[in-house]
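J.: Pasting the sequence and the predicted coordinates here, then a few questions.
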Amino acid sequence: MSNFEQISVSTYRDPTVYNKVFKHFAFLYFLQGVPIGFQTRFLPIYFRKRGISLVGLWMLKLLTVTWVLKPLIAYYILEQSIKKRFFMHTSYVVLCVIFLIASQLPMVNYTDFIGIMFLVNLTTSLQDVTLDSVLIELVTSAQMSNANVAQNIFGKVGSMFSGITFSLLSDVVGLSPLFYVLILLYFWGFIVAINIMGTPPVTPQLSSIAPNDDRDLDDEELEPPRVSLKLKRSSHFHNTQCGLSNIWHVDGTPWGIIFLLSYKIGELGTASNLPIYLIDIGYSPSQVGLLTTIIGELFGMVGSMTSEVFYHQPLLKVLQILLAARTVIAALMWLLVVTWDKSSSFYDDRGRKRRKIAPDGVDIEDRLESLITRVGERSTSSLESNLEGLASVLEADIPNYKHQIMKILCQCVVNLPEKLTVYTTLVGLLNAKNYNCGGEFVEMLVRNLKEALKTGEFENARMMVRFLSDLVNCHVLVATSLLQMFDSFVEVTLEDNIPQVRSDIYVYLVLSSLPWVGRELFEKKESDLNSMLVTIENYLSKRQKIHLPALRVWLNDGPHLQEEYLDCLWAQIKNLRNNKWIEKQILRPYLAFDGVLCDALQHTLPQIIPPSHNKSMVYPLPRVVFRLFDYTDVPQGPVLPGSHAIERYLIEEQINRIIHTHHLERKDCAAALLEYPAKAKIPLNYMIVEVMFGQLFELPRPPYIEIFYGSTFIELCKNQPTSMPEVLAQASEMLFDRLDSMHSICIERFVHWFSYHLSNFQYKWSWEDWVECVAMDPNAPKSKFVREVLLKCLRFSYYQRVVESVPESFAALLPPEPKPIYKYEQEGAGSLPGTMHAHKLMSAIKSKCTPEEAAVLLKDLPNVYPNGQENENSSFNPLKIDVFFSTLLHLGSKSISHSFAALAKFHPNLKSLAEFDDGKICLLKVLYETWKNNQQMMVVLVDKLLRTEVVECSSVANWLFSFEMQHDFTSFYVWEIMHSTIKKMSRHVDQLQQEVDSAHDKQEAAKRKEADGLEVGDDDIPSDEAIERMEEKLEAATSAQKNLFLVIFQRFIIVLTEHLARCESAGVDYNTPWYKWVIERLQQVFLMHHELVFRYINTLEQLLFTSDIDIHILEVFQQFCALRS
Amino acid sequence: MSKRKLPSGSVALSQYRDQHFRGNRGEQEKFLLTSTTLYVGNLSFFTSEAQIYELFSRAGDVKKIIMGLDKVQKTPCGFCFVEYYTRPDAENCMRYVNGTRLDDRIIRTDWDAGFKEGRQYGRGKTGGQVRDEYRTDFDEARGGYGKMLASKIRRTSDISS
């Protein structure tokens, strides 16, 4: 033992070793400071910024209670000195683990922190004791004061480091990266600790010449909270043999304790509240962190170091100096805060100097907005208490921020209707506290509603009407006044000469609010309510429903009724009425506040008269309710509400709203859908799938881009890997089973989605179940569906992949290998009239000839068809076109880019070869001959030819309807090309229209300036001639667009009339699969481009859809017209 | 309130900045915020232009695709640039295509300041992408092991044989 002692003492006298160990300890003390800074500097700022109350922050402080336990821990540990190394090592590991767990938790809430911070405190205090005792073992008394200072300084540095870095970082990154930093630090600490322990310990006796009591006290005075206490305590406990009780008997101990307590309270009160105060007046966390941490801690360190200077001074003098300094500082702070509050107009109305304190007055508004928009989100405390808290906060802010608060609430009405009842309750509570405030809110909302009705924002209007209705439940509005508004809406149905869509939407505004307020109206104004419902019923029974077939996803009503949206909602409302207006779906937080709300004064809704009809107003199109499942399709769990239960409507509505809110972020959307508030009560997955497919198949167009649905379904499957894929597969099976009666447009969307979905799931599907379609007519919907899906899969992957992913029995449905055909290199090409030229041209292009040289090569080709037949039309040369274009395509066939490059280089040749319409169509036919096995290539290249103006939109339409394309007429790619052509045309028109508009605007602005006598720069003001030229161009484009539609519809009529006549003369049923595809493609042209077609509807009616065409064709036109009538 | 709101969520700019960009950070950011071009990463070496075309057309009209090539071998090396005609279409791609699968691989899309000649080549020492130089896992669709590891394996097997 004594030997051991000798060695270790000498070891420590060796300065190099001492320095090394000292460095290690420095780091460990630095680490000790880190959590202190984290919780005393960073967390309060962080939480205050997020609106936690001061009480909440003090609760956080309570966590430091573990430090009080320290003496006990210390006592235990020092008793078992062997174990302390073990304790120390473990504590680093434990901290690593704690922070690792913390980084994985969501940690959104204040309460989440409590648990973690408690553990951290416990472990750190333990670590603190062990570290101190180890240090004491290792240093000599001479080194003690040095070590003491070092301990203080590095502890401070650590706390400063963490306080400042975390405050700064938290502005930029989230919380978890911060935890990673902590984990790294502690891991390092662990390694260092092991390193230190490599040095042998000194016997306790050596260091027991520990600092005396006086020194401890001195130290304590100079040092804030806890860091400094360590040496004293540990050394005390070292000497436990001397007895704890001895301390008590030392003179002045009780006074010392009282002094220390009051001193500490004052210190903590000022030091820890200052940052919070700064946050409250609008500083950002990083600024506060920088200010209080760097500056504060620097001074703290200076203080610590002066302890060394004062070491030899009498204690009393030191104390006097210190207390005097403290008093001055506290007085300064007090002065500062008082003057700040007075000069700041934050809490006074004049707003004179507000800028000075809140350089960005936005901050408060942002805070209010975040508080208001986040209420009702998942939280650990109850919704009721959150609402109550928020209401009192807002009440306090209303004198200064009334307008902002009202505006934010009005935004919530339209943007967050899924939390409608939460906000009505909030408004109810505000109204109960402040009657005027409730009145002003209603006023503002009514103003917004009137505006929305005037500008045709009916969806927003619907949310506002519903909100006003629910305000009756919250005792903000008088029920009679709401009924008056409803009545004036329902009266629209009695207007003459208005389109049905107008009265529809006003009835819908009323009906869709009734689930919320029905019960209240029933209790208070039953007879008025009933008479209104009678008017609605009368209206609904007289409505025209010609448009219905155009919007149905399925042609017949089996297994589920295909109902018009108003009819369905009416049936649901009738059921609700039969149930005494009681439903089980709507969350009604105001019920909990009945006592408060009851006493509130109610307002009367001002009169709201629907703005009268004008021609330019566009009303929402009618819809058909999509139904896929009923309760028998859901194998277990909660029951799916029936199609006429109001609950079904309410759930659908809510899911639709969630999708609307999150449609720009598919991950959030999937998460929000799966977090549906009342998910335990309904078969959520089935409802989500039905609503999403309902949107995807919605006619005329889905609300959002198709790939949104595909990628969100993938997200849903990822989030619920055990249940969602199953439901989706079941839905796919059901859709497939019902393909025969599905609208072609919807089949197309189904193909798009299904192929995309397969491409994300390794093309795995139980194809065997669908083997029936192999033997079917190629035009039968099921057979067509599988073929088209495989074609799309081919485009997503490659030929071999598709062949391998389906069973061999599907061979007949597989597409051909997507290779180009070049007839001039095939067997027997020698006999073709163009072969020689084609070969010459090929080698010329390969040796990089110019476009002119290529043209020269073709010069002497005769004007014949490629098969040698004479061509009488001199406007184009079919052989020249065939030789040139097919050779060009062949040479560029390696990839899309190669083809594009070839087309770009020989653009002039193509332009001159296909100068006139017949030439253009001939060119497109050559494209088909070359690439008929690769549809994607055709789609891409037609697009390119159109954009480079080699061909025109009408030539593409004519080509698609031509005899040569008849074979592919029901193929999806033909219609892909058709619609992309129409779209390009309309985009072109839109662009020209915009140019003309902006030119007009510029000119007018310039004229106004001139009239005002201002100088006008003449460089970018379009002249009258320039505008005229633009307008001419626009006119030409518009007539080209009109012409395109005329061509398309005329060709449709010809093709369909021929078919109908043929069937009639043969005496067979006209309704063949081919007929269904074609007539529904006609419908698709109407629906997909409905805004455009409506522009030309009069021309179409006069020229094409006259009474002498077949009624089957005319019907499609009439249904379309009925959409807006 | 005149301050323009920066795009957030899936259309926000990522942390990555092309180090070879000519111009300062501000200019680069301005380009990124208006660009219609996307960088596409983690492709299989075997994925063709046509496949990329099919997937990316789902988000909007694709103007051009430039395949990333190995500087030495001039074969695809696992990335490309996709240019759309309009910014909204490119944004849809960032929203709905980024992070989904193509050829059974989860692909990544990111804003790009616009294609410049020369950028189609891999920037790794051996010609491929830098990430394929140091990769230590075996990725069949991206040429097996990373280049460094592969050459090490080759050397060891040469010695032992």
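T.: Sure thing, it's come through.

J.: going forward, measure contacts between C-alpha atoms and count neighbours the same way
T.: Noted.

J.: hey, C-alpha coordinates of stretch A:25-32 in PDB?
T.: Presented in PDB, the C-alpha positions along stretch A:25-32 are these (Å, rounded to 0.1, in the frame of the first residue of the first chain):
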ATOM      1  CA  PHE A  25     -10.100  17.000 -16.100                       C
ATOM      2  CA  ALA A  26     -10.600  20.300 -17.800                       C
ATOM      3  CA  PHE A  27     -12.500  18.500 -20.500                       C
ATOM      4  CA  LEU A  28     -14.600  16.500 -18.100                       C
ATOM      5  CA  TYR A  29     -15.500  19.600 -16.200                       C
ATOM      6  CA  PHE A  30     -16.300  21.300 -19.400                       C
ATOM      7  CA  LEU A  31     -18.700  18.400 -20.000                       C
ATOM      8  CA  GLN A  32     -20.200  18.900 -16.500                       C
END
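
J.: who's in contact with it?
T.: A:124, A:128, A:135, A:150-152, A:154-159, A:185-186, A:189, A:192-193 (C-alpha atoms under 8 Å, 6 or more residues apart in numbering or on different chains).

J.: One more: stretch B:139-156?
T.: B:43-46, B:77-78, B:126, B:132-138.

J.: Domains of chain A: list them as residue ranges, please.
T.: With automatic domain parsing as the criterion, the domains of chain A are listed as A:1-207+A:267-312, A:364-598, A:629-741, A:762-815, A:823-951, A:987-1122.

J.: Distance to residue B:55, mean pLDDT and mean neighbour count added to these, as JSON lines?
T.: Shown next, in JSON lines, are the domains of chain A (distance: least, C-alpha to C-alpha, whole Å; pLDDT from 0 to 100; neighbours: other C-alpha atoms under 10 Å in any protein chain shown):
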{"stretch": "domain A:1-207+A:267-312", "distance to residue B:55": "33", "mean pLDDT": "69", "mean neighbour count": "18"}
{"stretch": "domain A:364-598", "distance to residue B:55": "26", "mean pLDDT": "92", "mean neighbour count": "18"}
{"stretch": "domain A:629-741", "distance to residue B:55": "10", "mean pLDDT": "95", "mean neighbour count": "18"}
{"stretch": "domain A:762-815", "distance to residue B:55": "7", "mean pLDDT": "95", "mean neighbour count": "17"}
{"stretch": "domain A:823-951", "distance to residue B:55": "12", "mean pLDDT": "93", "mean neighbour count": "18"}
{"stretch": "domain A:987-1122", "distance to residue B:55": "22", "mean pLDDT": "91", "mean neighbour count": "15"}
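
J.: Out of the ones you listed, the one nearest residue B:9 is which?
T.: domain A:629-741 (7.0 Å; C-alpha to C-alpha).

J.: How far does the closest one sit from its chain's centre?
T.: 18 Å (C-alpha atoms, centre = their mean, to the nearest Å).

J.: quick one: terminal-to-terminal distance for that domain?
T.: Domain A:629-741 has its terminal residues 16 Å apart, counting by C-alpha to C-alpha, to the nearest Å.

J.: does that domain come close to chain B?
T.: Yes - under the criterion of C-alpha under 8 Å from any C-alpha of the partner chain, chain B is reached by domain A:629-741 at A:664, A:665, A:666, A:705, A:706, A:707, A:708, A:711.

J.: Switch the domains of chain A over to JSON lines; also include distance to residue A:604.
T.: Putting these into JSON lines (distance: least, C-alpha to C-alpha, whole Å) gives the following:
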{"stretch": "domain A:1-207+A:267-312", "distance to residue A:604": "35"}
{"stretch": "domain A:364-598", "distance to residue A:604": "6"}
{"stretch": "domain A:629-741", "distance to residue A:604": "28"}
{"stretch": "domain A:762-815", "distance to residue A:604": "58"}
{"stretch": "domain A:823-951", "distance to residue A:604": "60"}
{"stretch": "domain A:987-1122", "distance to residue A:604": "39"}
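
J.: ok, the residue positioned nearest the centre of chain A - contacts?
T.: By C-alpha atoms, centre = their mean, the mean C-alpha position of chain A lies nearest to residue A:665, the distance being 2.9 Å. Residues in contact with residue A:665 (C-alpha under 8 Å, 6+ apart) are B:9, B:10, B:95.

J.: do that again at 6 Å, thanks
T.: Taking C-alpha atoms under 6 Å, 6 or more residues apart in numbering or on different chains as the definition of contact, residue A:665 has no neighbours.

J.: sorry, back to before: looking at the residues of domain A:629-741 next to chain B, spot the one nearest residue A:491.
T.: residue A:705 (37.0 Å).

J.: For the closest one, which non-adjacent residue is closest in space?
T.: Nearest non-adjacent residue to residue A:705, counting by C-alpha to C-alpha, 6 or more residues apart in numbering or on different chains: residue B:59, 7.7 Å away.

J.: Distance of residue A:1031 relative to residue A:983?
T.: 21 Å.

J.: same question but for residue A:780, I mixed them up
T.: 29 Å.

J.: for residue A:943, same thing?
T.: For residue A:943 relative to residue A:983 (C-alpha to C-alpha), the value is 11 Å.

J.: again, but for residue A:452
T.: 30 Å.

J.: Same question for residue A:1110.
T.: Taking C-alpha to C-alpha, one finds residue A:1110 at 28 Å from residue A:983.

J.: Torsion angles phi and psi at the residue lying closest to residue A:611 once chain neighbours are set aside?
T.: Nearest in space to residue A:611, with sequence neighbours left out and distances taken as C-alpha to C-alpha, 6+ apart, is residue A:454 at 6.0 Å. Main-chain torsions, residue A:454, degrees, to the nearest 10: phi -70, psi -40.

J.: So which bits of the stretch 901-1050 of chain A are right by chain B?
T.: Within the stretch 901-1050 of chain A, no position is adjacent to chain B by C-alpha under 6 Å from any C-alpha of the partner chain.

J.: switch to 10 Å and redo it
T.: Counting by C-alpha under 10 Å from any C-alpha of the partner chain, the positions of the stretch 901-1050 of chain A adjacent to chain B are A:936, A:937, A:940, A:943, A:944, A:980.

J.: picking up where we left off before, nearest to residue A:791, of the contacts of stretch B:139-156?
T.: Lowest distance from residue A:791 to these (C-alpha to C-alpha) belongs to residue B:46, with 19.5 Å.

J.: All the strands of chain B, in order from the start?
T.: Applying DSSP state E to chain B gives strands spanning B:37-41, B:62-69, B:76-84, B:101-102, B:105-106, B:108-112.

J.: Chain A: which of the ones you listed is closest?
T.: For chain A, the closest of the strands of chain B is strand B:101-102, at 5.2 Å, according to C-alpha to the nearest C-alpha.

J.: biggest helix in chain A by residues?
T.: helix A:1024-1066 (DSSP state H).

J.: quick one: buried residues of stretch B:117-137?
T.: B:119-124, B:126-129, B:132-133, B:135 (16 or more other C-alpha atoms under 10 Å in any protein chain shown).

J.: can you check stretch A:972-991 too?
T.: Neighbour counts using 16+ other C-alpha under 10 Å place A:972-975, A:977-982, A:985-986, A:988-989 of stretch A:972-991 among the buried residues.

J.: Could you give the separation between the terminal residues of stretch A:609-617?
T.: Start-to-end, stretch A:609-617 (C-alpha to C-alpha) is 16 Å.

J.: what's the average pLDDT for it?
T.: Across stretch A:609-617, pLDDT averages out at 91.

J.: quick one: the helices in chain B?
T.: B:25-34, B:49-57, B:87-96, B:131-134, B:147-160.

J.: In JSON lines, list those helices along with mean pLDDT.
T.: Listed next are those as JSON lines, based on pLDDT from 0 to 100:
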{"stretch": "helix B:25-34", "mean pLDDT": "90"}
{"stretch": "helix B:49-57", "mean pLDDT": "97"}
{"stretch": "helix B:87-96", "mean pLDDT": "97"}
{"stretch": "helix B:131-134", "mean pLDDT": "85"}
{"stretch": "helix B:147-160", "mean pLDDT": "81"}
